Every structure is written in structure tokens, then in C-alpha cells.
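Asker: Sequence and predicted structure are below.
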Amino acid sequence: MRTQTKFSSRHMTVAITGAAGGLGKAFAVECASRGWNLFLTDARGAALETLAGSLRSAYGVEVACLACDLSNPDERTRLFEQLKAGGLRFSMLINVAGVDFEGPFYERSDEQIRTIIRLNIEGTLAMTHGMLAFRDPLSAFRIINVASLAAFYPMPVKATYAASKRFLLDFSLALREEIRSQNASVTVLCPAGMPTNEECIRAIEAQGLAGLLTTLDVGRVANQTIDGALAGRAVVIPGAFNRALQALGSLAPAGLVASLIGSRWLAVRHKREVEANPA
């Protein structure tokens, strides 16, 4: 963590996990642009320090950061010990950290499957549970959990990832009711594709028109999600097309949805393989 142990101002303070990734950075920039202080964590320490320095220079906010692999229980314990020692208190937690290893389930390694569960589910739950002890008693406490549009469907080729996001969706809605009377709320973000890195961009391009229609800029997603959380919304699905897609999908039998999605993903995968290995 940075050498400061307490933020000097009474500005709102936000904790963001997965802050060095594309969506995490977008949330950090959006919060800093609103004048909020930040605590950032990510497994990539060097990228985290660079981001923190840029935010301090550009927006004049206070930023503390600590590298942490949230899939590791020992590192999570160290993070909470640092927060306790620093006396930090928060008004918002944004759980962005997550991972996916795309491809048929039987082709995934045991380690890949465990990593999805440990980071997407265990890491998010541990951060949420632990950070509830660091709420600022003088303000409302907002939690944003990043799920996915995939949370609404059984998704062949992304089976474990989609199931982990479904878990986060249901958990978030349940926790929202539990803490409603405590001046706290939970908002779950369910975005479709976002161009956060080169691999994501290639996947979006491979989907053709469907990829273009469902994809949104990460800055816009961050802005809409924070506005939604401040307004007390339970679920944020950015993009009118994505909201229509979710509504239509909810009307069809789960087995049919899985079949259609499976056919689409297999076609996309075949297209990417052909492009990567032309005859």
C-alpha cells in the first residue's frame, strides 16, 4: 500500500478490485473524475502503481493501492490487515476482478476451473464480506458486483464462467435485501462484450454483427453503472439491445437458449481457428 495510512479529506472513498484491467481502469477514472478518493487492488502491482500515479496527477484525488491476488486466501488476509492498520473507511466497493478461460469444459485444466471459482466467486464474496466491516458510518454504502449478460443464460463453451456470473447475480440480489435496512445497497452489473483487451476485441470481431451490436465502450458502462448504483438500482444492463436480448432470452426455455448459444459460440470458435490457421 502507499505510505499514507489515512485519507486526509472527507471525500467519498471507493475500493475497486481488478483495477488494472480495462473495466477496472474505467471505473477508477470515472470515480476519480467525480472527485472521489480511491483504494485500488489488482494482482498486477506495476500496472496498479502506474494507474494510481496517473489518477493522482490527472484528478488531484488521493489514491492508495495494494497488489493482491484475490484468489489467494493469504493475500486477502494481508489486504484486510493493511486496511485495518490504515484506518480506511469506504462508501463504495466495486468488485471487478474476474477471469474466464473460454472453450469446452472438458478442454479446460483443473487449475483453470479452480481459478474461475476462486476469483469470480470466492474472491468476490470474501471482499464483499470483509469490506462490510470497513463501511464509513457517516454515509450510505454501495456495492457494485460485476457479473455478465452471460449470467442470464446457460452458455456452452463458457459453462463455468457463465455459471459463476449467475452465482454473483443471485448472490447480489439476495444480499441487497439483507442489507437494505442498513443504509446499504447492492447493484449488479451485467454487461455484454467490452473491448477491454486484445483477446476480447478479437472475440467481438469474430462474432460479426452480433458482437458489434452487443459491445459498449467501458467508460460509458462505468458511468451508467455508478449512476445506477447511486440511484439504488438492483441490476444494470448497459445498452438497449442487450436489455432486449435479455428480455427475449428469459421467455425461451433454457434448453433452447443453451442450444442456440452453443451453436453460435461453436461457429465463432471455428471462424477464429480458420483465421488463425489459414490453409
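Answerer: Noted; the coordinates are in hand.
Asker: Where does pLDDT dip in the stretch 1-150 of the chain?
Answerer: 1-10 (pLDDT under 70).
Asker: what about the strands in it?
Answerer: 13-17, 37-42, 63-67, 92-95, 141-146 (DSSP state E, counting those that start in this stretch).
Asker: can you list contacts of the fourth one?
Answerer: Meaning strand 92-95. Contact with strand 92-95 is made by 12-18, 24, 27, 31, 36, 124, 127-128, 131, 141-146, 229, as judged by Cβ atoms under 8 Å, 6 or more residues apart in numbering. No exception for glycine: its C-beta is placed from N, CA and C like everyone else's.
Asker: same check, this time on the third one
Answerer: If you take Cβ under 8 Å, 6+ apart as the criterion, strand 63-67 is touched by 1-2, 4, 7, 19, 32, 37-45, 48-49, 51-52, 55-56, 79, 82, 86, 88.
Asker: Next, count neighbours for residue 263.
Answerer: 11 (other Cβ atoms under 10 Å).
Asker: Tell me which residues touch it, please.
Answerer: Contacts of residue 263 (Cβ under 8 Å, 6+ apart): none.
Asker: And the helices in the stretch 151-279 of the chain?
Answerer: With helices called from DSSP state H, counting those that start in this stretch, the stretch 151-279 of the chain shows them at 159-178, 198-206, 209-214, 218-230, 240-251, 254-276.
Asker: Can you tell me how far the residue nearest the centre of the chain is from residue 115?
Answerer: Central residue of the chain (Cα atoms, centre = their mean): residue 96, 2.5 Å from the mean position. Distance of residue 96 to residue 115, computed by Cβ to Cβ, to the nearest Å: 16 Å.
Asker: same deal with residue 97?
Answerer: Taking Cβ to Cβ, one finds residue 97 at 11 Å from residue 115.
Asker: cool, residue 185 as well?
Answerer: Distance from residue 185 to residue 115, by Cβ to Cβ: 30 Å.
Asker: again with residue 39
Answerer: Using Cβ to Cβ, we find residue 39 at a distance of 24 Å from residue 115.
Asker: what's the answer for residue 38, then?
Answerer: Residue 38 is 26 Å from residue 115, where distance means Cβ to Cβ.
Asker: Comparing those two, which residue is more hemmed in?
Answerer: residue 38 (29 against 18).
Asker: Beta-bridge partners for the more buried one, please?
Answerer: The bridge-partner assignment for residue 38, based on DSSP bridges, gives residue 14, residue 63.
Asker: ok, it touching residue 29?
Answerer: No - using Cβ atoms under 8 Å, residue 38 is not in contact with residue 29; the gap is 10.0 Å.
Asker: Spit out the residues that contact those two alike.
Answerer: If you check residue 38 and residue 29 against Cβ under 8 Å, 6+ apart, the residues they both contact are residue 55.
Asker: now the contacts of strand 92-95: which count as buried?
Answerer: 12-18, 24, 27, 31, 36, 124, 127-128, 131, 141-146, 229 (16 or more other Cβ atoms under 10 Å).
Asker: contact partners of stretch 230-240?
Answerer: Outside stretch 230-240, the residues that touch it by Cβ under 8 Å, 6+ apart are 142, 149, 169, 172-173, 176, 185-192, 214, 216, 220-221, 224-225, 228-229, 243, 246.
Asker: So which bits of that stretch are buried?
Answerer: Going by 16+ other Cβ under 10 Å, stretch 230-240 has these buried residues: 235, 236, 237, 238, 239.
Asker: And for stretch 253-266?
Answerer: Quick answer for stretch 253-266 (16+ other Cβ under 10 Å): 257, 258, 261, 262, 265.
Asker: do the same with stretch 34-46
Answerer: Buried residues in stretch 34-46 (16+ other Cβ under 10 Å): 36, 37, 38, 39, 40, 41, 42, 43.
Asker: since we're on the nearest residue to residue 166 once chain neighbours are set aside, how many residues are nearby?
Answerer: Closest residue to residue 166 apart from its sequence neighbours, by Cβ to Cβ, 6 or more residues apart in numbering: residue 151 at 4.6 Å. The number of residues packed near residue 151 is 24, by other Cβ under 10 Å.
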